[in-house]
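> quick check, what structure comes out for this input:
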Amino acid sequence: MILFNERKDLMNKYFDETIHLNIFKNNVNFIQKLISSFHDYDNLYFVSKFYDGFITNYLDNIWNEDQIRFFSACLIQAFISLRKEKFIHRDVHFNNLLLDEKQYVNLIDFHVAIEYKNKDDPKNNVVGSPELCAPEMIKGLKYDYNSDYYRLGGMIYFILFRKFPNNIRNEKNWTEVKIDYNKTKNFSFSCIDFINKLITSNAKRRIGLYNIEELKNHDFFKNFKWNDLINGTMKSPFRKIKNKDMGLCKKKINVKKDISISNNFLRNKTFKNKILSFDNINFDIVEKIFKSFNNISDNIIYDYP
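The predicted model follows:
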């Protein structure tokens, strides 16, 4: 059972997600491309660029260093955009990573992202997937942009060892994790060093805290052609995998011009004002969008919060 206040907070987060994605609307690669959003009094809808691949499909495979490097580079570019706009994503996780038509990794799901404009007032609340939470977040300490970088290191750690560096929910069981290079000779020293500098429990010593370019300048990316990645001319090391079940919703949506408030929660004055302050529905555009989609394919993702 969801209490009224809990549901209001949840719905507010989804409105915030649309606002956040609009900030990155012109960013074609590495962050989810939002085309449009609209709502009625019962639902909020996202029209997004179509992504047909899931990074989770590759987790059963053994990754080589080129794949780890490319995977990391795509996320670093997403982090650069986040930091430029002063955002912390807070839930960088395999489930929030999709592959586009070029098999480039894109970061999605911004409903728990936060703006971080005041460096003198870092955040200190725990959110996101707990198995990848940075130590400072688990311990209830203040955290910064590089809490997202810890999550990148935790994912690479999982790719190598099939477990997370610290899958715990409280600080009492926290242990410092450091990969022993002598036990991972299938990977270069620079790769292991890069991971160790991401998953360190000392946030002030974590790579990229003061300058995100530290991530790009690490030896793991020596001779890596960043401009080719940014321009989309680099060939992805991930081959396209045909998905048996992509979780697509084929439900047809009938857009009605007469909207009635059918939900007591949405009759709430405060929440109603927030809805009305959002983009107005342009029904002509909405119908054109869905008609154009239906002419292309029945396999359309509709994101229902």
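
> tell me which element residue 106 is part of?
Per DSSP states H and E: residue 106 is located in strand 105-107.

> so for the very next helix or strand once past that strand, mean pLDDT?
Going down the chain from strand 105-107, the next helix or strand is strand 114-115, by DSSP H and E. For strand 114-115, mean pLDDT is 84.

> who touches strand 114-115?
Contacts of strand 114-115 with the rest of the structure, by C-beta atoms under 8 Å, 6 or more residues apart in numbering, involve 86, 87, 88, 90, 123. Glycine gets a C-beta too; all of them are placed from N, C-alpha and C.

> share the number of residues neighbouring the third one, please.
When counting by other C-beta atoms under 10 Å, one arrives at 24 neighbours for residue 88.

> list the contacts of it.
Counting by C-beta under 8 Å, 6+ apart, residue 88 makes contact with 82, 113, 114, 116, 123, 143, 144, 145, 147, 148.

> give me the buried entries from the residues you listed.
With burial judged by 16 or more other C-beta atoms under 10 Å, the buried subset of the contacts of residue 88 is 82, 113, 114, 116, 143, 144, 145, 147, 148.

> the closest residue to residue 230 other than its chain neighbours: which element?
Spatial nearest neighbour of residue 230, chain neighbours left out: residue 77 (6.6 Å); criterion: C-beta to C-beta, 6 or more residues apart in numbering. Secondary structure assignment for residue 77, by DSSP H and E: helix 65-84.

> for that helix, which positions count as buried?
By neighbour count on 16+ other C-beta under 10 Å, the buried set for helix 65-84 is 67-83.

> tell me which strands whatever helix or strand comes next after it pairs with, and in which orientation.
Next in sequence after helix 65-84, counting helices and strands by DSSP H and E, comes strand 87-88. Taking DSSP bridges as the criterion, strand 87-88 pairs within the sheet with strand 114-115 (antiparallel).

> now the element after the partner strand, going C-ward?
helix 135-138.

> before we move on, back to that, can you pull the pLDDT of the residue nearest to residue 230?
For residue 77, the predicted pLDDT is 96.

> state the distance from it to residue 45.
Look at residue 77 and residue 45: by C-beta to C-beta, to the nearest Å, they are 28 Å apart.

> so what's residue 149 up against?
Residues near residue 149 by C-beta under 8 Å, 6+ apart: 79, 198, 206, 207, 208, 209, 215.

> does it count as helix, strand or coil?
helix (DSSP: H, G, I helix; E, B strand; the rest coil).

> state the pLDDT value of it.
Reported pLDDT for residue 149: 97.

> do residue 28 as well
For residue 28, the pLDDT comes out at 57.

> wait, doesn't residue 212 sit right on residue 78?
No - Residue 212 is beyond contact range of residue 78, at 11.0 Å (criterion: C-beta atoms under 8 Å).

> could you check how far residue 176 is from residue 232?
Taking C-beta to C-beta, one finds residue 176 at 39 Å from residue 232.

> give me the element residue 241 is part of.
Under DSSP H and E, no helix or strand contains residue 241.

> kindly tell me how buried it is, as a neighbour count.
Neighbour count for residue 241, taken as other C-beta under 10 Å: 14.

> before we move on, back to that, how about the residue nearest to residue 230, what does it touch?
Shown in contact with residue 77 (C-beta under 8 Å, 6+ apart): 29, 30, 229, 230.

> for residue 100, same thing?
29, 49, 51, 52, 53, 106.

> determine which two of those are furthest apart.
29 and 52 (15.1 Å; C-beta to C-beta).

> number of residues surrounding the closest residue to residue 82 other than its chain neighbours?
Closest residue to residue 82 apart from its sequence neighbours, by C-beta to C-beta, 6+ apart: residue 89 at 6.0 Å. When neighbours are defined as other C-beta under 10 Å, residue 89 has 25 of them.

> check residue 201 too.
So residue 201, with other C-beta under 10 Å, has 19 neighbours.

> my read: it touches residue 176, true?
Yes - using C-beta under 8 Å, residue 201 is in contact with residue 176, at 5.2 Å.

> just the contacts of residue 77 now: which is nearest residue 138?
residue 30 (27.1 Å).

> ok, the closest one - contacts?
74, 75, 77, 78, 81, 104, 105, 106, 107.

> now it: how far from residue 135?
26 Å.

> check residue 161 too.
The spacing between residue 161 and residue 135, counted by C-beta to C-beta, is 18 Å.

> nice, that's everything, thank you.
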